[in-house]
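Enquirer: kindly generate the corresponding structure for this input.
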Amino acid sequence: MNLTQPVLSARDLRRAYLVAGAPVEAVRGLSLDVHPGEWVAVVGPSGCGKSTLLNLLGAIDRPTSGQLLIRGRDVAVMDDAEATRFRLTGIGFVFQRFYLMPTLSAAENVELPMAEAKRPRAEREARAKELLTYVGLGARTDHRPFQLSGGEQQRVAVARALANRPALLLADEPTGELDARTGEEMIALFDRLNRDGTTIVTVTHDEELAQAARRVIHMRDGVIVDDQVRRPLESVARPA
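Expert: As a prediction, this is how the structure comes out:
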């Protein structure tokens, strides 16, 4: 794996919204590189622009100006169809609320993004079983969300995010709905994912989650005010 080429590269990224008829910039000229194998935690007070930044990095929203390259592709200029396809195959998402389909089993929830990507059924089933085993739910593949604890549901959501082998995993407050003990277990899972080669960007208020990351970025008023590497990037294994 070439660690010198960023998975993600943002240059002078800006996002403005109209508020009462006047433009308000949520992200103001932000530049950022994330390399393969990094785990970056973005922290800051509410309203500092970190969730807007995550939406931009995930091609959910488009910047008002600036350049955003993910795996060398400028997602800022993609049309809606291109952005949808790119999100499906290139980026994995984990949210504070799990957003699992309540009528589907754990395995079927993990299979969903692969079905959308037109993967063969046998491949989907094998991959779902592999991922659920990886996150510690190999014995609960047939359980529906209401039969799972909050932590187990979030593990299913992590497995689903990894289904199409994305280059980048984005997580928005992934411990926000969990109690302290379950949150610690989720942090340990993210640490394992990263040690196995998954590139991660998390947005969080959870100090324990932030301190577990390799790199911590502090935002305020739409800009990066501090960028600290806590653990140097070592050689990484293959992603899950």
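
Enquirer: and the longest helix seen in the chain, which residues are buried?
Expert: Of all segments of type helix in the chain, defined using DSSP state H, the longest is helix 180-195. Neighbour-count burial for helix 180-195 flags 182-187, 189-191, 193-194 (criterion: 16 or more other Cβ atoms under 10 Å). Bear in mind the C-beta positions are built from the backbone N, C-alpha and C, glycine included.

Enquirer: who touches it?
Expert: 37, 39, 135-136, 149-151, 154-155, 158, 162, 169, 171, 174-175, 178, 200, 202, 206, 208-209, 212, 214, 236-237, 240 (Cβ atoms under 8 Å, 6 or more residues apart in numbering).

Enquirer: now do the SS call for the residue lying closest to Gly58 once chain neighbours are set aside.
Expert: Spatially, and ignoring its direct neighbours in sequence, Gly58 is nearest to Leu170 (5.0 Å; Cβ to Cβ, 6 or more residues apart in numbering). Of the three states, Leu170 takes strand according to DSSP: H, G, I helix; E, B strand; the rest coil.

Enquirer: tell me who's in contact with Leu170.
Expert: Counting by Cβ under 8 Å, 6+ apart, Leu170 has contacts 54, 57-58, 91-94, 200-202.

Enquirer: hmm, 7 Å instead?
Expert: Remark: with contacts taken as Cβ atoms under 7 Å, 6 or more residues apart in numbering, Leu170 is in contact with 54, 57-58, 91-93, 201.

Enquirer: follow-up on the earlier one: from the contacts of helix 180-195, which ones fall inside helices?
Expert: Those of those lying in helices (DSSP H): 150-151, 154-155, 158, 208-209, 212.

Enquirer: pick the one among the residues you listed closest to Ile224.
Expert: Comparing these against Ile224 with Cβ to Cβ places Leu209 closest, at 18.5 Å.

Enquirer: so that closest one sits against Val40, correct?
Expert: No: when contacts are counted by Cβ atoms under 7 Å, Leu209 is not listed as touching Val40 (11.7 Å).

Enquirer: mind saving the C-alpha coords of the helix or strand hosting Glu82 as PDB?
Expert: Assigned by DSSP states H and E, Glu82 falls within helix 80-90. Provided in PDB are the C-alpha atoms of helix 80-90 (Å, rounded to 0.1, in the frame of the first residue of the first chain):
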ATOM      1  CA  ASP A  80     -25.800  13.300  -8.500                       C
ATOM      2  CA  ALA A  81     -25.700   9.900 -10.200                       C
ATOM      3  CA  GLU A  82     -21.900   9.800 -10.100                       C
ATOM      4  CA  ALA A  83     -21.800  10.900  -6.400                       C
ATOM      5  CA  THR A  84     -24.400   8.200  -5.500                       C
ATOM      6  CA  ARG A  85     -22.400   5.500  -7.200                       C
ATOM      7  CA  PHE A  86     -19.100   6.800  -5.700                       C
ATOM      8  CA  ARG A  87     -20.600   6.800  -2.100                       C
ATOM      9  CA  LEU A  88     -21.900   3.200  -2.600                       C
ATOM     10  CA  THR A  89     -18.500   1.700  -3.700                       C
ATOM     11  CA  GLY A  90     -15.900   4.100  -2.300                       C
END
